[in-house]
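S.K.: Next one to model:
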Amino acid sequence: MTDEPKTVYANTSALIAAEQPDFPSFLFSEREFHKAVKVFKKGFDGLLTYAVKCNPSPHIIAQLHKEGLTAFDVASNTEMELVRDYAPGAVMHYNNPIKNKREIERAYEEFGVRSFTIDHPQQLDQLAAVVSPSRDVEVTTRFKAGKALKSYDFGIKFGVMEQGAAEIVTAVEKMGYTPSLCFHVGSQCEDAYAYERHIAAASRIVEESGIELKRLNIGGGYPAPYPTSEAPPMIYYFETIGQAVHDHFGEKNKPELIIEPGRALVTSSTSLLLRVKHQRGGQSVYVNDGAYGALMEVKFMHFTPPVRVWRGPRIHDNDQEFSEFTVWGPTCDSYDVLPQVFTLPADIDEDDWIEFGLMGAYTQASLTPFNGFVRRDQYWVDEVYTGKDVAPE
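M.R.: A predicted model of the protein is given here:
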């Protein structure tokens, strides 16, 4: 996969005409990416960071650095290397609670990390064994306050309940670190009230522990506009968060807010262009990537991306004759199939392309070389498919 664009094509049609891509291809639009970043810069009052796990591609990190982001949410030493290389000088928040002492030491010594997240008392002792207590080191306690109604739940793995969080932040303060709090309501959260509920819980944790809360990380989870999504507009989330902070902390005691979106920043910037390898019986289509690659998340998350079909450089609609198809990946594993049914031209055939829109999140982060399907190509386009133009051209 190339790191730098050689050509920026006007759109998917121009790309297909020039390249005839025979491998799974990611089509990235810098213009669309800029629009998504602008939404957060304009609407959120606080520090905007990026969750690297969502799409760790070098061009994403570099573009965010160009957009002026000064901080990143990292989960591993490898992600720290990416940020160091493609966003030099950026601050890193080590927000993965699960880490060993060697990883902590490398984060502190090599990458200059001064913000660490924990969600268990033992992790505070683990940190102290490597990083001496100092007010220059922020220790963030990750808590949870119930599951969001519509989200991919992280609470089953991470986060401590309110009482435990109050005890941990008290210990953080006494030990000599700077205490802070964070939460994550779950990925693709369509329940904006979940943020209000967690902010209210944060205020109670502060009251019970008696700490001075300088920063509150309100996490990620902000949804992408998939056709199957019922999420309200992003401005509704910002307004809900702002009002909740005002109601539960007041202006005098309001902490600095940190936000760490991933999906909502990158989803619309990228489409995925896959080539049809085989069509069977008017019911099944086999394409050149699947659940062991860029379609991994489509396999288990409850959303359906928009799709359109290309025959050469033209959108193919088969004179409006469509059928419902099951989409299979290229590997020898029967797991490699999508649970959704896709409406495609009834005569779709070998060497047509299916373009999946809104595929910037958890696609390039989940690629595997299973069965030798290793190669994926990166292209740049000015206009990227987002599903808004669902009517055939």
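S.K.: CA atoms for contacts and neighbours, from now on please.
M.R.: Fine.
S.K.: helices or strands next to the longest strand that the chain contains in the packing?
M.R.: Longest among the strand segments of the chain by residue count, using DSSP state E, is strand 270-280. When contacts are defined as 3 or more C-alpha pairs under 8 Å, 6 or more residues apart in numbering; DSSP states H and E, strand 270-280 packs onto strand 25-28, strand 284-287, strand 353-356.
S.K.: Glu167 is nearest to which of those?
M.R.: Closest of these to Glu167 is strand 25-28, at 45.5 Å (criterion: C-alpha to C-alpha).
S.K.: Report the buried residues of stretch 301-320.
M.R.: For stretch 301-320, the neighbour count (16 or more other C-alpha atoms under 10 Å) marks 303-311, 313, 315-317 as buried.
S.K.: Other residues contacting the longest strand of the chain?
M.R.: 21-29, 285-289, 330, 348-360, 384-386 (C-alpha atoms under 8 Å, 6 or more residues apart in numbering).
S.K.: rerun at 7 Å
M.R.: 22, 24-29, 285-289, 349-360, 384-385 (C-alpha atoms under 7 Å, 6 or more residues apart in numbering).
S.K.: Now the buried members of these.
M.R.: Of the contacts of strand 270-280, these count as buried by 16+ other C-alpha under 10 Å: 22, 24-29, 285-289, 349, 351-360, 384-385.
S.K.: Okay, strands next: where are they in the stretch 51-200 of the chain?
M.R.: 71-74, 91-94, 115-118, 138-142, 178-182 (DSSP state E, counting those that start in this stretch).
S.K.: Tell me which of the ones you listed is the most buried.
M.R.: strand 138-142 (a mean of 27; mean count of other C-alpha atoms under 10 Å).
S.K.: Relative to that one, what are the paired strands and their orientations?
M.R.: The pairing partners recorded for strand 138-142 under DSSP bridges are strand 115-118 (parallel), strand 178-182 (parallel).
S.K.: Reformat those strands as JSON lines; add distance to Thr70 and mean pLDDT.
M.R.: Below are the strands paired with strand 138-142 laid out as JSON lines (distance: least, C-alpha to C-alpha, whole Å; pLDDT from 0 to 100):
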{"stretch": "strand 115-118", "distance to Thr70": "14", "mean pLDDT": "98"}
{"stretch": "strand 178-182", "distance to Thr70": "19", "mean pLDDT": "98"}
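S.K.: Same list (these) but as CSV, adding distance to Leu64.
M.R.: As requested, the strands paired with strand 138-142 are exported to CSV (distance: least, C-alpha to C-alpha, whole Å):
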stretch, distance to Leu64
strand 115-118, 20
strand 178-182, 23
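S.K.: Is Trp310 bridged to anything, and to what?
M.R.: Trp310 forms beta bridges with Ile315, Trp353, as assigned by DSSP bridges.
S.K.: I'd like to know how far it sits from Asp347.
M.R.: According to C-alpha to C-alpha, to the nearest Å, Trp310 stands 12 Å off from Asp347.
S.K.: now do Leu273
M.R.: Leu273 sits 18 Å away from Asp347, going by C-alpha to C-alpha.
S.K.: Between the two, tell me which one has more neighbours.
M.R.: Leu273 (29 against 14; other C-alpha atoms under 10 Å).
S.K.: The more buried one - nearest residue in space that isn't next to it in sequence?
M.R.: Glu355 (4.4 Å; C-alpha to C-alpha, 6 or more residues apart in numbering).
S.K.: Just give me the least confident of the buried residues of stretch 301-320.
M.R.: Of all those, Phe303 carries the smallest pLDDT score, 89.
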